[in-house]
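> need coordinates for the below:
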Amino acid sequence: EVQLQASGGGLVRTGGSLRLSCAVSGLTFGEAALGWFRQAPGKRREGVSAINSRTGRTYYLDSVKGRFTISRDNTKNTVILQMNSLKPEDTADYYCAASTRMPTVAAWVHSWGKGTQVTVSS
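Below you'll find the model as predicted:
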């Protein structure tokens with residue numbers, strides 16, 4: 001059974017930083033495609049960032065490019081999303097996701113972690 005345990009959300013002011021972590025178990029981490037989605041109230045879930053653990057290839061939503069960085073620690077089976085220069089529009093529940101392909105679309109995700117809330121105050 002694939003398990004994804006996300007942590008690191010919280011409340012921060014505009015311009016601040018947060019670091020989300022996702023501990024992954026139940027799959028071959030080095031072969032997995034992992035990512036982060038977010039969902040704000042009343043909006044659809046959108047892919048924020050993704051990484052192919054085998055190749056290191058990454059994806060970023062246009063609105064977070066240059067501010068967010070995704071990385072993985074293959075020794076700890078953890079994927080990390082470093083979020084800098086946060087804006088109020090980044091406020092959402094963030095979900096860790098696993099897929100057999102780059103998880104940029106929710107329909108491609110086979111396993112979800114529980115959401116972690118990120119709130120950016122103005």
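> quick one: which helix or strand includes residue 69?
If you go by DSSP states H and E, residue 69 is part of strand 68-73.
> by contact count, what packs against the helix or strand following that strand?
Toward the C-terminus, strand 68-73 is succeeded by strand 78-83 as the next helix or strand (DSSP H and E). Applying 3 or more CB pairs under 8 Å, 6 or more residues apart in numbering; DSSP states H and E, we find strand 78-83 packed against strand 18-25, strand 33-39, strand 46-52, strand 68-73. (Glycine included, C-beta is placed from N, CA and C.)
> and strand 78-83, what's its mean pLDDT?
The average pLDDT within strand 78-83 is 97.
> residues in contact with whatever helix or strand comes next after that strand?
Downstream of strand 78-83, the first helix or strand assigned by DSSP H and E is strand 92-99. Contacts to strand 92-99, defined as CB atoms under 8 Å, 6 or more residues apart in numbering, come from residues 2, 4-6, 9, 20, 22, 24, 27, 32-40, 43, 45, 48, 50, 79, 81, 103, 106, 108-118.
> burial count for the nearest residue to residue 34 once chain neighbours are set aside?
Computed as CB to CB, 6 or more residues apart in numbering, the closest residue to residue 34 that is not its neighbour in sequence is residue 79, at 4.5 Å. When neighbours are defined as other CB atoms under 10 Å, residue 79 has 29 of them.
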